[in-house]
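Peer 1: Sharing a sequence plus its predicted fold:
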Amino acid sequence: MNPTLYRRALEHTIGSPQQMASRKVALERFFTHGLPTPRDEDWKYTALDFLEQMDLHAPHAAEDWASEDYPGIVMRFGNGRLTDADLRSIHAHGLADHADSPLVVRYLGRLADTLPGGAALADINSALWQDGLLLHVPVGWKASPVFVTHYASESDAMLHLRHLVVLEAGTEAVLVEHDQGTPDLPYWHNSVTEIVLGEGARLTHIKLDEDSAAATHTSLTLVGQSRDSRYHALSLLVGGRVARHDTRVNLNGSGAECQLDGLFIADARRHIDQHLHVEHAAPHTTSRQTWRGIATGRGRGIFDSRVVVQPGAQKADAQQSSRNLLLSPHAEIDVKPQLEIHADDVRCSHGATVGQLDEAQVFYLRSRGIAADTARALLLHGFAGEALGLLKNAALSDWLEPHLAAALPLLNKELTT
Amino acid sequence: MSQPEVSHPDARNAELRSRVADEYRWGFVTDIEQEVVPKGLSEAVIRLISAKKNEPDFMLEWRLQAYRHWLTLTEPTWSSVHHPAIDYQAIHYYAAPKSGSQPKDLSEVDPELLRTYEKLGIPLQEREALAGVAVDAVFDSVSVATTFKDKLESLGIIFCSFSEAVQKHPELVREYLGSVVPYTDNYFATLNSAVFTDGSFVYVPKGVRCPMELSTYFRINARNSGQFERTLIIADEGATVSYLEGCTAPMRDENQLHAAVVELVALKDARIKYSTVQNWYPGDAEGRGGIYNFVTKRGDCRGDRAHISWTQVETGSAITWKYPSCILRGDDSVGEFYSVALTNHRQQADTGTKMIHIGRNTRSTIVSKGISAGFGSNAYRGLVKVLPSAANARNHTQCDSLLMSDHCAAHTFPYIEVKNPSATVEHEATTSKIGDDQLFYLRSRGLSEEDAVNLIVNGFCKEVFKELPMEFAVEAQKLLAVSLEGAIG
């Protein structure tokens, strides 16, 4: 490890004396662990040692860039900093501008700095974050959909984004994270999102990762759910050279419910490592997971999910489903669906499969006069759409659909055999 | 009916006689009490073990290599089991048969153990042997065991203790020992390689179908193979063998740590079926005492169309930590794993399997049933790995957990790694408790709560029990019922 690299980056951060002090504490915590290695069981399939061979540095300038149109409030970030805030925004703000507000002081780091066993990437983010989103919905509001769109355009930049979402009791919001970068540019994007859901609050959280094919993207999403709240996450992971996405949900109040769905497509040389962790900490909590994965080319996809039912969390109901397609001889899929149960009156199940497109289905379509390639593309689209179809929001589905279509690998005979 | 009755007294008798003979052979019959190797592990102790057993040089060399490697290892901590640190220097690595510490008659045996024998319906005379009472040679002298031996010998099947195999068939031992579980494999297997004292050895020659189920029970000197047991089973081309390990009756045992190694080698078209019923002392209701059972079991389907099947019923031991595995190297080879693991009181089990698909068209099936009661903790941990060479590999895994108290735990940790696009791998798991409606239904038909639970548990385990040899299956059902006593409430 090269501590000076991170110390130098720390000099580029800003904040009140108290904030600077807590940044230093977080950095020291990071130094005690260092970057995770495959020797850590949680990082068995993903190595990050190459990062320190890069010329990592804090980004110099935030460039303004033209983004696509989004159906909602848009918060534009460039190289880790807010470049353009939507004027219509009521609830969404830049986090750096509000770092001293009592709300941020109260909630920031509450989930990330107290992870059992520590999390090196959360620590380095707590030390070095530059900016991010603050989404705060007070009681009585329903927020318009907020699109947080980030663009990376600096080579070897270390981009630590930090988002904080606080939904007070009974409120509702939609948050979309969209990450992109200059094609084939190497950089390290490490984001941490902390989400606090009050009683009965509902959040739909969409993540679209289209980072550059040379980028490293690590992300950690932490959700704390109170009684009767509902969290629905939908991820479409199709970017980066090495991507590692962690989601950790704590169902702390009875009646809390989470639904974690998604799709990853590991094509070319892409390495996508997807980790979910749901903690049933209260009785009558529900979790649902529907994930689909595709690996082709020399890609490697990893799905690792752990559901923990804590002692006393009776009537917990957990379902995991992970289905994966392995489409080329050099691709690889690794799946680890885990259950850890410390209560008896529970209903937990999981299913995982790794296989190919069903040739009988291809044959059926061909017998109806559809060309083999088209038939396969159709089946693949249907497979991929299974997870995305769970989104009950037409405007968002319409926005997401072209991104999915663009990411689906072109199937030809060579890929499928 | 709990044991294959005819053979027992004779097996015991044979054992007794052979033990006398053994002692004589090793030349310490006159001085039995002084035959104590100091506690602790060192090269000197290993040399001593090897010398005592009159082993050829290659064995000593192998043991020493293992010991030197063991010194470089650290004890693994990744499992979900918890226990106080083991002091490896406080263990006697070579203990000649002692008589001093054995109970003199059944009145000195733990009454809890005796009650269990009662429930399992074990014949009176046998109870003494099982409890480790220093029995006199008063049984009648017809030796069924010897009869079995003659029959096996006529077919060319070698079935003997490991020590005997080292003396009589060193070439086979040399060729196969460590070829499935090398001495560098893992902490406990390495320790075993350095210090193992005995175990079983089976060789079934080409094309021979072993006419009977082989069991440690029939093997002379099986009882005292010690805490570091080593079993090696080789089925040559086209051979078939079924091996039974352990028995349903709980055995009194003074060693807390058991680190055994089992190696199976199946050559072309060979078939090995390995069944285990493990019912070692689980400790008392508070979890004191009890055996630590840290075993490395692995089978290698070395030739095409080889078939290895593991079946286990684990109800004993304070801690069970083992993963009977199959390396599916030959094309069209098949691996199977059927397991019932029950944890009650404060028992812990971390068990499962590894299926490594290397050859083409290899198939594997995993059925794992975990039952947790009391404060028990039960984990399934498994790996299904399909290498790029394993075209058309197929795996189906099913692991179900049954929860019977609100303090118990049931975990599932499957690993699936697929590197071949023509492979199909499926995994499904469920966790639930016994349904109140199921219980109510049975009770309304007049079954007591305990009988109702036993019925449901047996149904839950049926898929595994049907893989067990007949007499084992009957005993296993009974055993589950006894082990679950007091778990309902």
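Peer 2: Alright, I've got the coordinates.
Peer 1: which one is the residue most central in space within chain A nearest to, not counting chain neighbours?
Peer 2: Geometric centre of chain A, nearest residue: A:H245, 4.9 Å, by C-alpha atoms, centre = their mean. Residue nearest to A:H245 in three dimensions, not counting chain neighbours: A:S219, with 4.9 Å by C-beta to C-beta, 6 or more residues apart in numbering or on different chains. Bear in mind the C-beta positions are built from the backbone N, C-alpha and C, glycine included.
Peer 1: pLDDT value on the one you found, please?
Peer 2: On pLDDT, A:S219 comes in at 95.
Peer 1: what helix or strand is it on?
Peer 2: Assessed by DSSP states H and E, A:S219 sits inside strand A:216-225.
Peer 1: before we move on, the earlier item: list the buried residues of the helix or strand hosting the residue nearest to the centre of chain A.
Peer 2: Secondary structure from DSSP H and E places A:H245 in strand A:242-251. Across strand A:242-251, burial judged by 16 or more other C-beta atoms under 10 Å in any protein chain shown covers A:242-251.
Peer 1: Check the gap between the residue in the stretch 51-200 of chain B positioned nearest to chain A and B:A409 for me.
Peer 2: Of all residues in the stretch 51-200 of chain B, B:W78 sits closest to chain A, at 6.4 Å by C-beta to the nearest C-beta. Distance, B:W78 to B:A409, by C-beta to C-beta, to the nearest Å: 17 Å.
Peer 1: can you tell me which residues contact B:I157?
Peer 2: When contacts are counted by C-beta atoms under 8 Å, 6 or more residues apart in numbering or on different chains, B:I157 touches B:202-205, B:208, B:210, B:241.
Peer 1: And the pLDDT at the closest residue to chain A within the stretch 251-400 of chain B?
Peer 2: Per C-beta to the nearest C-beta, B:P388 is where the stretch 251-400 of chain B lies closest to chain A, at 6.5 Å. With respect to pLDDT, B:P388 scores 95.
Peer 1: Now it: phi and psi?
Peer 2: Note on B:P388: its backbone torsions stand at phi -60, psi -30 [degrees, to the nearest 10].
Peer 1: how many neighbours does the nearest residue to it once chain neighbours are set aside have?
Peer 2: The shortest distance from B:P388 to any non-neighbouring residue, by C-beta to C-beta, 6+ apart, is to B:K419 (4.7 Å). Residues lying near B:K419 (other C-beta atoms under 10 Å in any protein chain shown) number 22.
Peer 1: what about B:K419, distance to B:I358?
Peer 2: Going from B:K419 to B:I358 by C-beta to C-beta gives 11 Å.
Peer 1: Give the residues shared as contacts by those two.
Peer 2: Counting by C-beta under 8 Å, 6+ apart, the common neighbours of B:K419 and B:I358 are B:L387.
Peer 1: how many other residues sit next to the residue of the stretch 251-400 of chain B closest to chain A?
Peer 2: Using other C-beta under 10 Å, B:P388 is surrounded by 14 other residues.
Peer 1: quick one: contacts for it?
Peer 2: Residues near B:P388 by C-beta under 8 Å, 6+ apart: A:329-330, B:419-420.
Peer 1: Now which of those residues would you call buried?
Peer 2: B:419-420.
Peer 1: Out of the contacts of B:P388, flag the one nearest to A:A282.
Peer 2: Closest approach between the contacts of B:P388 and A:A282, by C-beta to C-beta: B:K419, at 40.3 Å.
Peer 1: Quick check: pLDDT value at that closest one.
Peer 2: With respect to pLDDT, B:K419 has a value of 95.
Peer 1: residues contacting it?
Peer 2: Going by C-beta under 8 Å, 6+ apart, B:K419 touches A:331-332, B:386-388.
Peer 1: List, one by one, the residues from the stretch 251-400 of chain A near chain B.
Peer 2: A:311-312, A:314, A:324, A:326-356 (C-beta under 8 Å from any C-beta of the partner chain).
Peer 1: Filter these down to just the ones in strands.
Peer 2: Under the assignment DSSP state E, these contribute A:324, A:326, A:332-341, A:347-355 to strands.
Peer 1: so B:V166 is in which element?
Peer 2: Taking DSSP H and E as the definition, one finds B:V166 inside helix B:162-168.
Peer 1: What lies in contact with that helix?
Peer 2: Here helix B:162-168 makes contact (C-beta under 8 Å, 6+ apart) with B:53-56, B:59, B:158, B:160, B:172-173, B:196-201, B:225, B:230-232.
Peer 1: Just the CA coordinates for it, please, in CSV.
Peer 2: Extracted in CSV, the C-alpha atoms of helix B:162-168 (Å, rounded to 0.1, in the frame of the first residue of the first chain):
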residue,chain,number,x,y,z
PHE,B,162,-4.0,-49.8,7.5
SER,B,163,-1.0,-51.1,9.5
GLU,B,164,-1.4,-54.5,8.1
ALA,B,165,-1.6,-53.1,4.6
VAL,B,166,1.6,-51.2,5.1
GLN,B,167,3.3,-54.4,6.0
LYS,B,168,1.7,-56.7,3.5
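Peer 1: buried residues in it?
Peer 2: By neighbour count with 16+ other C-beta under 10 Å, helix B:162-168 contains the buried residues B:162-167.
Peer 1: which residues touch the residue nearest to the centre of chain A?
Peer 2: By C-beta under 8 Å, 6+ apart, the neighbours of A:H245 are A:207, A:209, A:217-219, A:221, A:235, A:237, A:272-275.
Peer 1: need the contact list for whatever residue of the stretch 1-150 of chain A ends up closest to chain B.
Peer 2: As assessed by C-beta to the nearest C-beta, chain B sits closest to A:E41 within the stretch 1-150 of chain A, at 6.4 Å. Residues in contact with A:E41 (C-beta under 8 Å, 6+ apart) are B:W78.
Peer 1: for the one 3 residues further on, same thing?
Peer 2: By C-beta under 8 Å, 6+ apart, the contact set of A:K44 is A:P38.
Peer 1: so what's it scoring on pLDDT?
Peer 2: Confidence for A:K44, expressed as pLDDT, is 89.
Peer 1: where exactly do the strands run in the stretch 1-150 of chain A?
Peer 2: A:73-78, A:81-85, A:92-94, A:133-137, A:146-152 (DSSP state E, counting those that start in this stretch).
Peer 1: just the stretch 301-450 of chain B next, same as before
Peer 2: For the stretch 301-450 of chain B, the strands defined by DSSP E, counting those that start in this stretch occupy B:307-314, B:319-322, B:325-328, B:334-343, B:348-351, B:354-357, B:363-372, B:377-386, B:394-403, B:409-418, B:424-433.
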